[in-house]
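Novice: Show me how the following folds:
(2 chains)
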Amino acid sequence: MTRPIGMEPSPLPAVPRKEGAARLRILVVAGEGAGSAALLQSLRQWADDGRLEVDAAPDLPRAVRLLAGQRWDVVLAALGERPDEELSWWADALRSATGGPRLIAAAQAPSMGLALRAEKLGVLDVLALPLRRDDLIRALERLRSAAGETTIPLPVVEHHAVGPNALVGQSPAMLDVYKLLARVAASTATVLIQGESGTGKEVVARAVHLHGPKASGAFVAVNCAAIPENLLESELFGHEKGAFTGAVTRKVGRFEHAAGGTLFLDEIADMSLALQAKILRAVQEREIERVGGTDTIPIDVRLIAATNRDLKDAIKQGRFREDLYYRLAVVTIRLPKLAERGDDLLLLTAFFIRQFAERYGKRITAISDRAMDLLRAHAWVGNVRELRNVIERGVIVANDETLRAAHLPDEIRGEETALTDRPQGGLLALAEVEARYIARVLAHTNGQIGAAAEILGIHRNTLTRKMKEYGL
Amino acid sequence: MSSPLPPVRVEKALELMPELEALAPLRALLISIARPDERALWSSSGPYLTLGKRGVDPDELRRRLPHALHRIAEHVHALCKTYVEALEARQRGDAAGVVGALVRGGHLEEEVGRFPQARAWYELALSVAEGLQDRRPEVDALRALGYLCLRLGQYAEGARQFQRAFALAEAEFDQAGAIAACEGLGDVARAQGEWGGAQAWYGRGLRLAEASGDEGKMGRLERRLGVLARKQGDLATAGDYLRRARERFEAAGRADEMARVLDAQGRLDAQLGRHTAAEAAYREALAWAQREPRAPGLELAIRLNLAELDLEMARWLDAEGELRRAEQVAIAANLAGRLAQIYTLMGKLRGAQQDETGFVFFEQAIELARAVERSPAAEAQVYHAYGLFRSRLGQQEEARAYLERARELFDSLGEAVERERVDAELRALSA
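Specialist: Here you go, the predicted structure:
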C-alpha cells in the first residue's frame, strides 16, 4: 500500500531551458495512493520545462512489463510505507530493463539512511514528496550532463604475463615488489606474501613460481579459508578410501599434486592450530602421510603462503603458531593497497578493459572522464580484485567504444551523487559527513553497534540515537 | 582503543548448540543474523563463502533474543487461542468449528516448520471429524494431512488422504472439497513423476472448477496443467494454459498467483530458447511477488530459476549475483533448508567455470540437506549434481561414487524417474 502523494507549487523560478537538448523519456509510477493522479498531472505539466516525455504505469509489476519491451531514460517511482524495501525491489527490477534506465525515487520525508542506501543501489536521486519541480529538473540535468562526458584514450600498458593473470603497474610501491620478487624467485626459499584482500597475492605467488627453479613443475593453489575445516586436512594431504565418512575413493592431496613444483597456501591464517602443526611437520620433515594412511610420502615442493591478516597479531592472540610463522616468513613480500598505487589505477583499468573487451568480443578504446572520476573516488575495499570485477561488469554492458559512467555498476554509479550537486564548491553539510562516516563504520563492523561505537569513540547509546536520527 | 573481536563463524557457533527441539528458534535466529565479513567478500575465499563461513556476533544475538522470544511467545499464544476457540466451539456444540480450529492450529505449526506437531493437530482434528454427520470438516482435515505428507515426501500416505477426501467430498456434493482433493492428488502424482496421473486429476479438478465458476481454482489448475504440459514437452498447450491462468489472475489482482504463473511462463520461455522473454517473465514475477503478503519462498524459487537461466546463457557474473541474492533471502527469511539448493547451483556454476574449489558448495549443501532440511530427497539431488561436477572436472572415480550414492538414496525413496536419470549418467560414465 502506498501513502497518498501530494504536490505543491514550486516557489522557485523556472529552470532556464536549453534549446535543442534531447527530450528524456520518463516512466512515472505514482503508486496507488490518493495523490498519485495529482503527481502524474504535475509531471505532465512540467514536461515542457523539463523537456520530458511522460508515460505512466500503475505499479511495479506493470512497469517491469513495459520496461521489458520499451526504452525509457528515467523511471520515477513513488515509494510507499516500506521505502527501504521498495527501493531494493525497484533497483532489482531495473537491473535488466531495456536501455538501463536510471531510477529517481520519491518518498515522504526520506531519511539519510534511505539516501545512503539509494546511493549504494545506483539510484539517480531520492526526492521528497510532495515533489518539487526544481528538485526533479535538477536531478534530470545531472543525467543530461552525463551525456557530455569526454573520452580519454586508453593508455598503452606494459605488463608481465603471469599465467592467466598479469602484473601491471609502475608505481614506486609496485617497483619495490618487482625488485624483491626478482631476488627471491631464483631461490627455493619459502615466501610469505602479505597484503589486503584483492591486492594480487596469488598473481605474485605465480610470478615467484614461474621465475624460480621449480617453474617446470605444477603450481597448486589451496584456499585455506574457502575449504571447510574438516575437509582441509584431506584436501592437503589426501586420504585413503574409507578413512572417514565421505571418503568414497582414495584421494591424492595437494602436497602430492604439487610435487616438483609450488604449493601456494592462500589465507593461511584461517587454518586451525592442529592443522598448522601438521603443515609445520610437512615443512620441516619434507614428508607427509595421507589421512587414514600409514605410508610416509616424501614431498619436494616449494611452499608459498599468503595472508591478509597480521600474523604477528595472530601469534599474540594464540591463533597462529610462532614456529610456523618463522618457517614461512623466510622472505616476506608486502603488497600495497590499490589506494597507495596512484596512477596504477588508470593502467590497471586500461589493462582490464582490453582483457575483457577481447573476452566478450567488444571493441573499447577509451574511457570517459566521468567514469574515471568515479573510479578514482571509490574506496576500493577489495583492491585490484574489486576493480577487475567492476571493469568486467562495465565491459559486459558497454555498447560503444567508450566505457562510460553509465556502464559502471550501481554501487559505483550511485557515488555520482556524492561527486556532484554539492553546495559551495562541493562541500558537505556536517550532518551528512557524520551520517556517511557512521554508515561506513557500521558496514565495517557488520552492523555491530558496540564495536562501531568503540571505533567512533562514543557511547553506544549516543550511536543508537544518531542512527535513529539519520535513519541508518 | 583495541580492535573489536571478530565475529564467530556459523560452523563454529552451531558446534556449541545441542540438537534440541527447544533450541530451534535460537538456531533460526543465529542463522538469520549471520553476515559475511565485509573484508572476506573481497578476499580470494569470498567467492566460496557459504553459510558456515558467515559470522555471528554474540552481542547482536543477545540483543535480538527478546525479539526471538517475543515471536515464540506469539506462536504459543496463537496456539493457545486456537485451542480456546476449539473449546468454545465444543461448548456451543459446533463440531465443525472444533475441527476448523484444530486444523488452524496445525497450519500455525506448519508455518514455523514444526511438522510433527502439525501432524498431531491434524490427526486430532480428523478423529473429531470422523464422528460427525457432516463430512466436510473431515475433508478439510484429510486435505491438510495430505499436504503435510506431500511436503514430507510421504507420497503414498498423502495419496491415501487425498483419495479419502475426494470420495467423501463427492458423496457430500462438496464441490470445493472435491476440487481441492483433485489438486492434491495431482500434486502427489506430479511429485512422483507420474505425469499421466497428474494430468488426469488436474483435468478433473478443472472441469469441476469450471462447473462451479470458481475463477481462482480454475486459474490454479490451469497453471498446474501448464507446468505439466511443459514437463511433458507439449509446449504449445503449456503456453495456452498459462496464458489463461494469467488472464484470470490479473483480472482478479492476485499478486501471488501472478508471480507463480509468470515464473512458470519463464520456465516455458527458457525451454523454448526465448531467453529474453524468460528473463522478462521472471523479473515481472519478482515484481508481483514483492506485493503484500510477501512470500520469501516464492521469491527464492523465482531467483533460482533466474540463476539457472543465467547459467544456461553462460552469464556467470549474473548467475552468481542472483544466487547471492537468493542466499540472502533464504538466510533472512529463515529458509535455511533451501540453502542446499542454492549451494548446489553455486557448485554447478563453479563446475561450468572449471573451478575445482567449487566442491565446497556441494559439501555445504550435503550438510544442510542432512542437518537442516533433513531430507534424503534433497541430499540425493545434491549427490547427483556433485557427481556431475566431478565428472565435468574429469574425476571419473569420484563422479561414479557420488552418482552411486544418489542412486542409493533415490532407490530408498522409491523415486523411479530420478533413479533412471542417475542410471543413465552412470552408463554414460562407463561408456
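Novice: Not counting sequence-adjacent ones, nearest residue to the residue in chain B that chain A sits nearest to?
Specialist: Closest residue of chain B to chain A, CB to the nearest CB: residue B:42 (2.8 Å). Every residue, glycine included, has its C-beta placed from N, CA and C. Distances taken as CB to CB, 6 or more residues apart in numbering or on different chains put residue A:382 closest to residue B:42, at 2.8 Å, once the chain neighbours are dropped.
Novice: residues near the one you found, how many?
Specialist: Using other CB atoms under 10 Å in any protein chain shown, residue A:382 is surrounded by 22 other residues.
Novice: Quick check, the residue in the stretch 351-472 of chain A closest to chain B?
Specialist: Counting by CB to the nearest CB, the stretch 351-472 of chain A gets nearest chain B through residue A:382, at 2.8 Å.
Novice: was I right about the residue of chain B closest to chain A contacting residue A:195?
Specialist: No - using CB atoms under 8 Å, residue B:42 is not in contact with residue A:195; the gap is 11.8 Å.
Novice: ok, those two, which is more surrounded?
Specialist: The residue with more neighbours, out of residue B:42 and residue A:195, is residue B:42; 23 against 20, by other CB under 10 Å.
Novice: distance of the more buried one from residue B:340?
Specialist: Distance of residue B:42 to residue B:340, given as CB to CB, to the nearest Å: 26 Å.
Novice: Next: residue A:166.
Specialist: Applying CB to CB, the value for residue A:166 to residue B:340 is 38 Å.
Novice: re earlier: isn't the residue nearest to residue B:42 right up against residue A:199?
Specialist: No - Residue A:382 is beyond contact range of residue A:199, at 9.4 Å (criterion: CB under 8 Å).
Novice: Tell me where the stretch 101-250 of chain A is predicted with low confidence.
Specialist: Applying pLDDT under 70 to the stretch 101-250 of chain A flags the ranges A:146-147.
Novice: quick one, which of residue A:166 and residue B:340 is more surrounded?
Specialist: Each of residue A:166 and residue B:340 has its neighbours counted (other CB under 10 Å); residue B:340 has more, 26 against 19.
Novice: Could you list the buried residues of the helix or strand hosting that one?
Specialist: With secondary structure defined by DSSP states H and E, residue B:340 is part of helix B:339-352. Residues B:339-352 are the ones in helix B:339-352 that count as buried (16 or more other CB atoms under 10 Å in any protein chain shown).
Novice: Contacts for it, please.
Specialist: B:50-51, B:304, B:307-308, B:311, B:314, B:316, B:319-320, B:323, B:326-327, B:330-331, B:357-362, B:364-366, B:368-369, B:372-373, B:378-379, B:381-382, B:385-386, B:388-389, B:392-393 (CB atoms under 8 Å, 6 or more residues apart in numbering or on different chains).
Novice: do stretch B:138-148 as well
Specialist: B:99-100, B:102-103, B:106-107, B:110, B:115, B:118-119, B:122-123, B:125-126, B:129-130, B:132, B:158-159, B:161-162, B:164-165, B:168-169, B:172, B:174, B:177, B:180-181, B:184, B:187-188.
Novice: Can you name the residues that contact the residue of the stretch 351-472 of chain A closest to chain B?
Specialist: A:197, A:198, A:389, B:41, B:42, B:46.
Novice: go on, residue A:114?
Specialist: Residue A:114 sits in contact with A:83, A:84, A:87, A:105, A:107, A:126, A:471, where contact means CB under 8 Å, 6+ apart.
Novice: And these, which two are furthest apart?
Specialist: A:105 and A:471 (14.1 Å; CB to CB).
Novice: out of those two, which sits in the more crowded spot?
Specialist: residue A:105 (25 against 17).
Novice: name the helices or strands packed onto the strand or helix carrying the more buried one?
Specialist: Per DSSP H and E: residue A:105 is located in strand A:102-108. Under the contact criterion of 3 or more CB pairs under 8 Å, 6 or more residues apart in numbering or on different chains; DSSP states H and E, strand A:102-108 touches strand A:74-78, helix A:83-94, helix A:112-120, strand A:125-129, helix A:133-146.
Novice: ok, now with 10 Å
Specialist: strand A:24-29, strand A:74-78, helix A:83-94, helix A:112-120, strand A:125-129, helix A:133-146 (3 or more CB pairs under 10 Å, 6 or more residues apart in numbering or on different chains; DSSP states H and E).
Novice: Pipe these into CSV and attach distance to residue A:63 per row.
Specialist: Shown next, in CSV, are the helices and strands packed on strand A:102-108 (distance: least, CB to CB, whole Å):
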stretch, distance to residue A:63
strand A:24-29, 5
strand A:74-78, 7
helix A:83-94, 7
helix A:112-120, 18
strand A:125-129, 18
helix A:133-146, 18
